[in-house]
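Undergrad: Provided below for reference: sequence and predicted model.
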Amino acid sequence: MTDLRQIMADGVPDRAPPPRLPPILPWALVAVVLIAISLSIHFFWPVPSSEPLAECPPGGEAAQTACIRHEPDKPSHPG
């Protein structure tokens, strides 16, 4: 019983290693790779500028083309 009383008084030594933060190097490497991919897409794969849409022919329907139709009652620009 004296051993039990001594263990209860002193406590059991903790054999677990002290907690430490997880390594950050793999996450930093992933971040650098993703930033490099994003910048290379931005600079080396540019999106071509689009031309403005043509106006639709008056009084006719434009078939299979994209065009801007102006209504006579409404101004083309609000304001």
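TA: Okay, I see it.
Undergrad: mind naming the longest helix for the chain?
TA: helix 25-44 (DSSP state H).
Undergrad: so which elements touch the next helix or strand after that helix?
TA: For helix 25-44, the following helix or strand on the C-terminal side (DSSP states H and E) is strand 54-55. On a contact count with 3 or more Cβ pairs under 8 Å, 6 or more residues apart in numbering; DSSP states H and E, strand 54-55 meets strand 67-68. Glycine gets a C-beta too; all of them are placed from N, C-alpha and C.
Undergrad: list the contacts of the lowest-mean-pLDDT helix or strand in the chain.
TA: For the chain, using mean pLDDT, DSSP states H and E, the weakest element among its helices and strands is strand 67-68, scoring a mean of 76. Strand 67-68 is contacted from outside by 53-57, using Cβ atoms under 8 Å, 6 or more residues apart in numbering.
Undergrad: mind redoing it with 6 Å?
TA: Residues from elsewhere that reach strand 67-68, judged by Cβ atoms under 6 Å, 6 or more residues apart in numbering: 53-56.
Undergrad: now the buried members of these.
TA: Taking 16 or more other Cβ atoms under 10 Å as the criterion, nothing in the contacts of strand 67-68 is buried.
Undergrad: nearest to residue 20, of these?
TA: Each of the contacts of strand 67-68 was checked against residue 20 using Cβ to Cβ; the closest is residue 53, at 60.5 Å.
Undergrad: list the contacts for the closest one?
TA: Residue 53 touches 66-68, counting by Cβ under 6 Å, 6+ apart.
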